[in-house]
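> I'd like to go over a predicted model; first the sequence, then the structure.
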Amino acid sequence: MTIPRKLAAKKQRTLEILVRLKRLYPDATCTLDYETPVQLLVATVLSAQCTDERVNKVTPALFRCFPDAEALADANLSEIEELVRSTGFYRNKAKNIQAACRMIMADFAGQVPNRMEELLKLPGVARKTANVVLAHAYGINAGVTVDTHVKRLSQRLGLTEHTDPIRIERDLIELLPQPDWENWSIRLIYHGRAICAARNPACDACILADLCPSVDRTKVTPPPIPEVTSLP
């Protein structure tokens, strides 16, 4: 099957973006602290509308008290709420964490499932959380994590016209090699924090500026393009 010319060009541009992001952020990885799949699941649930830095300040005490799914399932809910209060929306997060852990104990023999369809059954778990858990706990690239940074940068880079995270994920899956699905998201998050802010993005310091259709080239002189010898 022949790939339409427009899609082929977009895939080539996406691969060029990927190469540059890999060189700029070679050690990009999940910034949440965890030791087990259930701890990663809990930390990812807590990270909704909260920074990873804040979550990493909260989870040591949480996991000392409740280190696994069984302990969280049997905990007093108010104790979980108090421990995660500073992450925001703490009542809903605590409720979902406990309900998910109870389902893990009842339906999955105490183990976080490693299949997308089963993870999505857990309370509080949508594709974003499921993708993170599968990629970093089990080494399974089942999809592309789409958070606010990934959404913003993917739109600015002209890789999607959608606003719905599921449709954005589908567009990115079509453009990227599967082994890079999850770390693509992490690198975009790094770049969103460092360069491509929601307000006043630093286009004049961005190594992707010549590939970005959102750049006003009458006002911005892109930095030198890094040498690229091969695509992934």
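All right, it came through fine.
> residue 204 versus the residue minimising distance to the centre of the chain, what's the distance?
Nearest residue to the geometric centre of the chain (C-alpha atoms, centre = their mean): residue 145, 4.1 Å. The gap separating residue 145 from residue 204 is 28 Å, by C-beta to C-beta, to the nearest Å. Using the backbone N, CA and C atoms, a C-beta is placed for each residue, glycine as well.
> mind listing what residue 137 touches?
Taking C-beta atoms under 8 Å, 6 or more residues apart in numbering, we find residue 137 in contact with 36, 37, 40, 41, 112, 114.
> which strands and helices sit next to the longest helix along the chain?
Longest helix in the chain by number of residues (criterion: DSSP state H): helix 5-24. Contacts defined by 3 or more C-beta pairs under 8 Å, 6 or more residues apart in numbering; DSSP states H and E place helix 5-24 against helix 165-175, helix 181-194.
> residue 8: which of the ones you listed is closest?
Closest approach to residue 8 among those (C-beta to C-beta): helix 165-175, 10.4 Å.
> could you list the buried residues of that closest one?
165, 168, 169, 171, 172, 175 (16 or more other C-beta atoms under 10 Å).
> and for stretch 121-133?
Residues of stretch 121-133 classed as buried by neighbour count (16+ other C-beta under 10 Å): 122, 124, 125, 127, 128, 129, 130, 131, 132, 133.
> tabulate these (a markdown table), appending secondary structure and distance to residue 82.
Below are the buried residues of stretch 121-133 laid out as a markdown table (DSSP: H, G, I helix; E, B strand; the rest coil; distance: C-beta to C-beta, whole Å):
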| residue | secondary structure | distance to residue 82 |
| --- | --- | --- |
| 122 | coil | 23 |
| 124 | coil | 18 |
| 125 | coil | 23 |
| 127 | helix | 29 |
| 128 | helix | 26 |
| 129 | helix | 23 |
| 130 | helix | 27 |
| 131 | helix | 29 |
| 132 | helix | 25 |
| 133 | helix | 25 |
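> closest one of those residues to residue 63?
When the buried residues of stretch 121-133 are compared against residue 63 (criterion: C-beta to C-beta), the nearest one is residue 133, at 15.8 Å.
> give me every residue that touches that closest one.
Residue 133 neighbours (C-beta under 8 Å, 6+ apart): 37, 40, 41, 44, 112, 119.
> please pick the buried ones from those residues.
37, 40, 41, 44, 112, 119.
> from these, pick the one nearest residue 215.
Closest approach between the buried ones among the contacts of residue 133 and residue 215, by C-beta to C-beta: residue 44, at 32.5 Å.
> list the contacts of that closest one.
Applying C-beta under 8 Å, 6+ apart, the residues contacting residue 44 are 32, 128, 129, 132, 133.
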